[in-house]
Each structure stands twice: as C-alpha cells, then as structure tokens.
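*Asks:* Give the three-dimensional model of this entry:
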Amino acid sequence: MSFTAEVRDELARCAPTCEYCNLATLAALTRVCGTLSLAGRGHYRLQVATETGAVARTMIGLTHQILKLKTEFTVRKSVLHRVRNYLIALPDQPDLEKALVLLGILDRSGALVRGVPHHIVARDCCRLAYIRGALIAGGFVADPRGDFHLEISVQGEDLAQGLADLIGQVGIRARVNRRRGAYAVYIKSAQDILQLLMLVGAKRSVAEIEEARVVKSVKNDVNRRVNAELANQGRSAGAAQRQLELIDEAEALGIIDSMPRALSSFCELRRAHPDLSLRDLGEIADPPLSKSALYHRVLRIEKLVEAARLNK
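*Replies:* Have a look, this model is predicted:
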C-alpha cells in the first residue's frame, strides 16, 4: 500500500467531532471525485469513480447514514493497471435533488455551486472535516522518505481556491496550480504538512513522517560530514604535493643543506610521509609540533626558494 493510500485509509476512519462533520466530509468527497449528470428537468444522477477503497467505503457509508438514499455499487478490475475501480452511483430518486442541495452541490434554485459551500463549513470542526473529505477523495501525500509534498487535485478554479482559503483559515498556507485541465491545491513545507495532517486526524501518518524526517536528517548530517572529510583530505593531499614540489625545487637550487635545522628536518619528515596532513605530520614529529608551527616552516622555505630563484 502506498503512503497516500495509508493516509486516506486512516482519514476515512476518523470519528466526527459534531453531528454535521460527516456531512462536510461527504460534501467534499462528492465535489472532488463525483460527476453529476442531468437526465431531464429535475432529474439527476450522481456518480463517484475511484480506485481507493477508503473513498468507496466512506461514500457508501455516509450516503446511507446521512442521506438515506439508494446507491448502486460496481467493482471493475483494470487488466492494464491491475487495480480495482469502484463506481458508486446515486440514481435518480425522489430525494436526490434535496440531497444535492444539502451537500452544497446545487443551490436552492438548482444552479451549480462553484466554490466551497459556506453552510457546510460554518463550524471549525466541519471545516476540518471538509478538508479531510477532500484529502480522502483527491489527496496525494508523497512518501516521506523522499521529498515532502501534499496536494489535492480538484476540478474547477473556484473550488481549488476555496479549498486553499479553507486550509488558510486553519493557519496553513496552500497554493493553487493549474495542471492538465485540473487544479492542484498543494503544500510543500514539511512542517505545514505535519500540522494539517495532525489537525484532520492522521496521527499515525504524522508519526511516520516524523520518523522519516529524523532518519533523513541523520543521513544528511552523515553525508555532510563525509563530504567535508573528503574535501579536507583532498585539500591536504594537494597541499602535501605542493610542499614536496617545493622541497624538490629547494634541493635543485642547492639550498637545503644551508637551511636551518628546523627547516631541513621538516623536509626530511615530509619526504618520509608524503600523504600525511600537516596536523598528522606534527603529531609524529620529535618533539611534536602544532599545525601552525609546521605551516610557518613551509612559508619560510617558500621565501628561501623565492630568494634563491632571484639570485640564480
């Protein structure tokens, strides 16, 4: 099961806070993945097609519980994608039009409601229930082991913007992006995703994301340390090679024998240990020397070589 499916399944099992929360969840579910057909004046048919069992289960359960309407349920299996496709239909029946008004799909004049119906989300808990329903129906939550990303795919700019505004009312910023004729309401901030999932009741999913964040943080820290160490080793190797070249030049110029003992001993030590950094070289010196002391000896050798070049 994908992480998105896990989140949807968990949200579908959340208990309502008040007696109207289930209505808000059902309203969002039907708006996000439902299709309304007109079969003549005052005659409608509502269909919800989904590949997610949580959507089908929630749709059928809440429709029977709240609307008391008859539903038709069909399961089809895609040979190409090897997944089940669930089709839930509310055929034309006496109370269907009233139910569509109650769900905020139609207004009292029979016109389509384009955005989020205000009477459905009047309470704070119902606002969260509506967001929960939208996530169950069209939500996507990326596997937290990769990039952090949450989005809800909807049809219609008004609904997308209304849903983004609704999320904004609970203190989380969501953006809207048009994508292949549909609209995506999305959040990329890991902290905002965690906060939203916690608010709508996906506590188990939040715990999984938190755990993945810790693992990812540790891995990133280890990678940074390894990269820094490799870079330091590369710099040390390059510096050691330049010092060897400097010593060879000093020998070619015939100035090594006339150098002070401190400098000539450094040349001997460096040639004996061509791969060590200055810090490690200082630790094996007798007596031990600091990295700074050895570096100053290199600078003194450079000045002697430069002077010898000018006098040659």
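
*Asks:* CA atoms for contacts and neighbours, from now on please.
*Replies:* OK.

*Asks:* Per-residue pLDDT of the nearest residue to residue 119 once chain neighbours are set aside, please?
*Replies:* Residue nearest to residue 119 in three dimensions, not counting chain neighbours: residue 104, with 7.9 Å by C-alpha to C-alpha, 6 or more residues apart in numbering. For residue 104, the pLDDT comes out at 92.

*Asks:* do the same with residue 259
*Replies:* pLDDT, residue 259: 87.

*Asks:* Run a quick neighbour tally on it.
*Replies:* 15 (other C-alpha atoms under 10 Å).

*Asks:* cool, and residue 198?
*Replies:* If we define neighbours as other C-alpha under 10 Å, then residue 198 has 15 of them.

*Asks:* Am I right that it is in contact with residue 206?
*Replies:* Yes: using C-alpha atoms under 8 Å, residue 198 is in contact with residue 206, at 6.5 Å.

*Asks:* coming back round to it: did I read that right, the residue nearest to residue 119 in a strand?
*Replies:* No: counting by DSSP: H, G, I helix; E, B strand; the rest coil, residue 104 falls outside a strand, being coil.

*Asks:* So it versus residue 295, what's the distance?
*Replies:* As judged by C-alpha to C-alpha, to the nearest Å, residue 104 and residue 295 stand 77 Å apart.

*Asks:* These two: which has the busier surroundings?
*Replies:* residue 104 (25 against 14).

*Asks:* Just confirm that one contacts residue 111, I think it does.
*Replies:* No: applying C-alpha under 8 Å as the test, residue 104 and residue 111 come out as separate, 10.3 Å apart.

*Asks:* residues near residue 269, how many?
*Replies:* Neighbour number of residue 269 under other C-alpha under 10 Å is 15.

*Asks:* I meant to write residue 42 there.
*Replies:* 11.

*Asks:* For it, which three-state class applies?
*Replies:* Assigned with three-state DSSP, residue 42 falls in the coil class.

*Asks:* thought it was touching residue 97?
*Replies:* Yes: between residue 42 and residue 97 there is a contact under C-alpha under 8 Å: 7.2 Å.

*Asks:* Please name the nearest non-neighbouring residue to residue 278.
*Replies:* Leaving aside its chain neighbours, residue 278 sits nearest to residue 291 (5.4 Å; criterion: C-alpha to C-alpha, 6+ apart).

*Asks:* which residue ranges form the strands in this structure?
*Replies:* Counting by DSSP state E, the chain has these strands, from start to end: 34-38, 44-50, 72-77, 84-90, 139-141, 150-154, 175-179, 182-187.

*Asks:* Dump the ones you listed to TSV, plus mean pLDDT and mean neighbour count.
*Replies:* As requested, the strands of the chain are arranged in TSV below (pLDDT from 0 to 100; neighbours: other C-alpha atoms under 10 Å):
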stretch	mean pLDDT	mean neighbour count
strand 34-38	87	15
strand 44-50	89	19
strand 72-77	86	12
strand 84-90	88	19
strand 139-141	92	22
strand 150-154	93	24
strand 175-179	90	15
strand 182-187	92	21
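
*Asks:* circling back: residues that sit against both of residue 198 and residue 206, list them.
*Replies:* Common contacts of residue 198 and residue 206 (C-alpha atoms under 8 Å, 6 or more residues apart in numbering): none found.

*Asks:* Just give me the neighbour total for the closest residue to residue 9 other than its chain neighbours.
*Replies:* Nearest residue to residue 9, sequence neighbours excluded (C-alpha to C-alpha, 6+ apart): residue 54, at 5.2 Å. Counted by other C-alpha under 10 Å, the residues lying close to residue 54 total 20.

*Asks:* so what's residue 54 up against?
*Replies:* Taking C-alpha under 8 Å, 6+ apart as the test, what residue 54 contacts is 8, 9, 12, 136.

*Asks:* Please spell out the ChimeraX selection for the buried subset of the residues you listed.
*Replies:* A single ChimeraX command selects the buried members of those (16 or more other C-alpha atoms under 10 Å):
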select :8,9,12,136
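
*Asks:* Farthest pair within the contacts of residue 54?
*Replies:* Maximum pairwise distance in these, criterion C-alpha to C-alpha, is 7.6 Å, between 9 and 136.

*Asks:* ok, residue 283 to residue 75 distance?
*Replies:* 75 Å.

*Asks:* Residue 241 too?
*Replies:* 72 Å.

*Asks:* right, and residue 49 touches residue 76 too?
*Replies:* No: using C-alpha under 8 Å, residue 49 is not in contact with residue 76; the gap is 10.4 Å.

*Asks:* who touches both of those two?
*Replies:* Counting by C-alpha under 8 Å, 6+ apart, the residues touching both residue 49 and residue 76 are 85, 86, 87.

*Asks:* of all the contacts of residue 54, which comes closest to residue 194?
*Replies:* Of those, the one sitting nearest to residue 194 (C-alpha to C-alpha) turns out to be residue 8, at 14.7 Å.

*Asks:* And for that closest one, nearest residue in space, chain neighbours not counted?
*Replies:* residue 136 (4.8 Å).
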